[in-house]
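> structure of the sequence below:
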Amino acid sequence: MMSSPTSIPARMRGLNRAEICDVNFTEFVQSWDGRAGTAPDVDAPVLEGSALDAKGFLELFESQLVSRHLDLMARVLRVQNKVFYTIGSSGHEGNAMVARATRHTDPAFLHYRSGGFMAERFRKLPGMDPAMDSALSFAASKDDPASGGRHKVWGSKPLWVLPQTSTIASHLPKALGTAIAIEAGRRLGHQLPIPDDSITICSFGDASSNHATAQTAFNAAAWTAYQKLPAPALFVCEDNGIGISVKTPSGWIARNFSRRADLDYFAADGLDLASGYADVQRAVEHCRTTRRPTFLHLRTTRIMGHAGTDFEIEWRSLEELCAVEATDPLLRSAAIALESGLMSRDEVLELYERTRKRCFAAAAEADRRPKLEALADVIAPLAPYSPDKVMAEAERADYQERRLEVFGGEAKLPENLPPRHMAIQINQALHETFAKYPEALLFGEDVAQKGGVYTVTKGLQKAFGPRRVFNTLLDETMILGMAQGFANVGMLPIPEIQYLAYFHNACDQIRGEAASLQFFSNNQYANPMVVRIAGLGYQRGFGGHFHNDNSITALRDIPGLVVGCPSRGDDAVTMLRTLTALAKVDGRVSVFLEPIALYMTKDLHEAGDGGWLTEYPAPGAAMVIGEGRVYLPESVKDGNSDDADGHDDLVVFTYGNGVPMSLRAARSIREAHGWRTRVVDLRWLVPLNDAWIVEQARSAQRIIIVDEGRQSAGVGEGVITALAEGGLGGIPFERVVGVDTYTPLAGAAFLVIPGEADIVDAAGRLAGGA
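Numbering: from 1, shown residues only. Okay, here's the model as predicted:
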């Protein structure tokens, strides 16, 4: 048996706790002197009173051993630079019970201590090898079936384990979102890729349960259940009592979760397969049959430290370490094998060593497999784009019967109506999108009966019903988590973030989760969506920082994201058609950034001129991603033609509110300097089309960049970089940009963002330097 903390052998005073835990197992089995029973039949309880049969126990025990030896292998080979990840599952191997009690079609969102779960779930399909697949991931091999060598993740397409990289519970909102989507999809008659009675499984640690992202998921789950809406999510809190080095107060998880209304609590001993399995089964069955959010509190422990670099002996007492190591669940599993008579000591040790050889053999093979060595290979799944297919889908117009039904006849089709402002055109485009895609959903704050705070979604719920257009709780993190969930089951979510400033509350749901899924799953999984965000400045009579946020820097920094920003109604329609096609064809995540101040804008130069009203584009018209709109110069002051010498006196690059503002300024600049000014609307802000920008600038004698965002890290910086790297850095330029500050209230707001006079003044400075 294990030595007591008061009589610790000298060898146990070393730093290598992995080696000590390894030796502990062997010594425990060798010294076991209990009484062995008569081996039960395979379908009989492994121990009297246990809900786990002998066959199940033997398979779970083997899964535990595979998980453990993968951990030990990683510790040995990391120092040889053959393995690149050492956060292990040791002490958590009991989560294999959750895998056994669930189906391989139950979508699983797992945290990093899930080796036991994965080893057991691999049994669900024939011909799969958890040791080999895991070794390929540990070795960052290009052949890794989960991520293609991009990260050590627990993931499998055939086993419905969606790869996670989160360490602080950022996967909980999308796990709940997927559970909600299963039920919503079934009710809509959507053909789900999994059985209708599936549940989602989401595991996390006790420390992570305190994180705001976790709490938002628990709150949303209870909010949903309180309204008697189905949300079959199994939250598995693997409680080892510590987060890296910060201990969870004893009893905190039970105290915090056992009494929560509408989050049904179960507890199970993850350290003892024989006694814990029945409770795991009960939690799973409850979740599946009641369709209610369920919290499974699974007792675990953590041995061998947080990771290979965590030398616990430096900050924990030796007595404490030994006490923790004595709770190793593999010791209890070995004891069950011996007590039940299923295995002898020699058979247990033979299985232990055979599993070690299996894992090291897999690691040796993984080390021989190719690595990612070319940049193109690394980023291949980041932003898949099939331009011809996307345009074909965007231009597809084979749903005209449904369009006629939605709009109420030929005469009411939007293309047959007079020119309208942007808000109406977006509204019409959303109606059209819902007619084209029966799987499309729109949700957010105030989008349903009210039709949005700017009436952009008015009439959608009436036209398509509350199952496709609905309000959510006021929680942007959960809105985006739900969007990922609906996308995971094959639907087309169009979530709305009410204001750009609110996006920052939930940014990681796009940055760390949605936009990263294709990359970390080697494009096996995707969560396509079009996120509508109302934003930017220039609202009059209403505003302040939260309603006039002009910074899109956080969006520009998200790999793989596409951001489009229309400045007029017809562009909004064709852009939305293209973004929905991009989601359908390539599974991409995009943001449709709607300039609030242009929603209702009708005039351009003078009151009543209707210069900013546009006709609705005919079905089949779409916008090429990356292609901007060019406004050719008006006639110069002296009457010369626009192309008199093949050059533009001035080219203005801008977007959003800057477009009509620059067009008005161009008229003043022409009157002041006689310049032919061409205004270029970028339209696509992420990624910027550098080559197209350079082409538009080649004819320029001067350049002004009008960026309504902030000075630091704004779109304007990207334009300047494109020009410099394109060899046009010698062209004189001015940048008219917002100030690095928050937006104040009322008229003061216009002091911190560009105005027409600022553009005219910039032209004057360029004229003075000519």
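> and C202, its phi and psi?
Main-chain dihedrals, C202, degrees, to the nearest 10: phi -140, psi 110.
> in contact with it, which residues are there?
If a contact means CB atoms under 8 Å, 6 or more residues apart in numbering, then C202 has 108-110, 171-172, 175-176, 217, 233-236 as its contacts. For glycine as for every other residue, the C-beta is placed from the backbone atoms N, C-alpha and C.
> beta partners for it?
Following DSSP bridges, C202 is listed with bridge partners F109, F235.
> how about the contacts made by W692?
Residues in contact with W692 (CB under 8 Å, 6+ apart) are 626-628.
> now list the buried members of the residues you listed.
By the neighbour-count criterion of 16 or more other CB atoms under 10 Å, these include these buried positions: 626, 628.
> save the contacts of W692 as TSV, and put in distance to A394 too.
Written out in TSV, the entries for these read as follows (distance: CB to CB, whole Å):
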residue	distance to A394
G626	14
E627	12
G628	17
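> hmm, T213 is touching L176, no?
No: with contact defined as CB atoms under 8 Å, T213 does not count as touching L176 (11.0 Å).
> of these two, which one has the most company?
Just comparing T213 and L176: by other CB atoms under 10 Å the higher neighbour count belongs to L176, 29 against 23.
> so the more buried one is in which element?
If you go by DSSP states H and E, L176 is part of helix 172-188.
> can you check L298 too?
strand 294-299.
> what is that strand packed up against?
Here strand 294-299 touches strand 233-239, helix 252-257, strand 264-269, helix 273-290, going by 3 or more CB pairs under 8 Å, 6 or more residues apart in numbering; DSSP states H and E.
> let's see that with 10 Å instead.
With contacts defined as 3 or more CB pairs under 10 Å, 6 or more residues apart in numbering; DSSP states H and E, the secondary structure elements packing on strand 294-299 are helix 96-101, strand 200-205, helix 212-226, strand 233-239, helix 252-257, strand 264-269, helix 273-290.
> in CSV: the ones you listed, plus mean pLDDT.
Formatted as CSV, the helices and strands packed on strand 294-299 follow (pLDDT from 0 to 100):
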stretch, mean pLDDT
helix 96-101, 98
strand 200-205, 97
helix 212-226, 97
strand 233-239, 97
helix 252-257, 96
strand 264-269, 98
helix 273-290, 98
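> dump the ones you listed into a markdown table; add distance to P744 as well.
Listed next are these as a markdown table, based on distance: least, CB to CB, whole Å:
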| stretch | distance to P744 |
| --- | --- |
| helix 96-101 | 52 |
| strand 200-205 | 41 |
| helix 212-226 | 28 |
| strand 233-239 | 42 |
| helix 252-257 | 41 |
| strand 264-269 | 48 |
| helix 273-290 | 49 |
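> for F360, which of those is the nearest?
Proximity of the helices and strands packed on strand 294-299 to F360 was assessed by CB to CB; the nearest stretch is helix 96-101, lying at 20.9 Å.
> what's the PyMOL line that selects buried ones from the contacts of C202?
Applying 16+ other CB under 10 Å to the contacts of C202, the buried members can be selected in PyMOL as follows:
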select buried, resi 108+109+110+171+172+175+176+217+233+234+235+236
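> which one among the contacts of C202 gets closest to C21?
Set against C21, the nearest of the contacts of C202 by CB to CB is L110 (22.5 Å).
> how much space between that closest one and I693?
Using CB to CB, to the nearest Å, one gets 43 Å for the distance from L110 to I693.
> which of the helices and strands packed on strand 294-299 sits closest to V453?
Checking those against V453 by CB to CB gives helix 212-226 as the closest, at 21.5 Å.
> against which helices or strands is the closest one packed?
Contacting helix 212-226 under the criterion 3+ CB pairs under 10 Å, 6+ apart are the following elements: helix 172-188, strand 200-205, strand 233-239, strand 264-269, strand 294-299, helix 476-488.
> save the ones you listed as JSON lines, and put in distance to A463 too.
Written out in JSON lines, the entries for the helices and strands packed on helix 212-226 read as follows (distance: least, CB to CB, whole Å):
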{"stretch": "helix 172-188", "distance to A463": "15"}
{"stretch": "strand 200-205", "distance to A463": "31"}
{"stretch": "strand 233-239", "distance to A463": "31"}
{"stretch": "strand 264-269", "distance to A463": "37"}
{"stretch": "strand 294-299", "distance to A463": "36"}
{"stretch": "helix 476-488", "distance to A463": "19"}
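> any idea which of those gets closest to I510?
Using CB to CB, the nearest of the helices and strands packed on helix 212-226 to I510 is helix 476-488, at 6.2 Å.
> give me the angle between that closest one and helix 172-188.
On the basis of axes from the mean of the first three to the mean of the last three CA atoms, to 10 degrees, helix 476-488 is oriented at 50 degrees to helix 172-188.
> burial of N505, as a residue count?
Quick note: N505 (other CB under 10 Å) scores 16 neighbours.
> now it: phi and psi?
Taking degrees, to the nearest 10 as the convention, N505 sits at phi -60, psi -20.
> A74 versus the nearest residue to V453 once chain neighbours are set aside, what's the distance?
Leaving out its chain neighbours, the residue that sits closest to V453 by CB to CB, 6 or more residues apart in numbering is D446, at 5.7 Å. Distance of D446 to A74, given as CB to CB: 49 Å.
> so between those two, which is more surrounded?
In terms of neighbours (other CB under 10 Å), A74 is the more surrounded of D446 and A74; the figures are 27 against 16.
> give the contact list for the more buried one.
18, 82-88, 115, 134-135, 138-139, 152, 307-308, 359, 363 (CB atoms under 10 Å, 6 or more residues apart in numbering).
> list residues touching both of T213 and L176?
Taking CB under 10 Å, 6+ apart as the criterion, T213 and L176 both touch 478, 481.
> per-residue pLDDT, S3?
S3 is assigned a predicted lDDT (pLDDT) of 38.
> how about the one 4 residues further on?
S7 is assigned a predicted lDDT (pLDDT) of 44.
> hang on, the earlier thing: now the helix holding L176: buried residues?
172-186, 188.
> then stretch 420-440?
Residues of stretch 420-440 classed as buried by neighbour count (16+ other CB under 10 Å): 420-437, 439-440.
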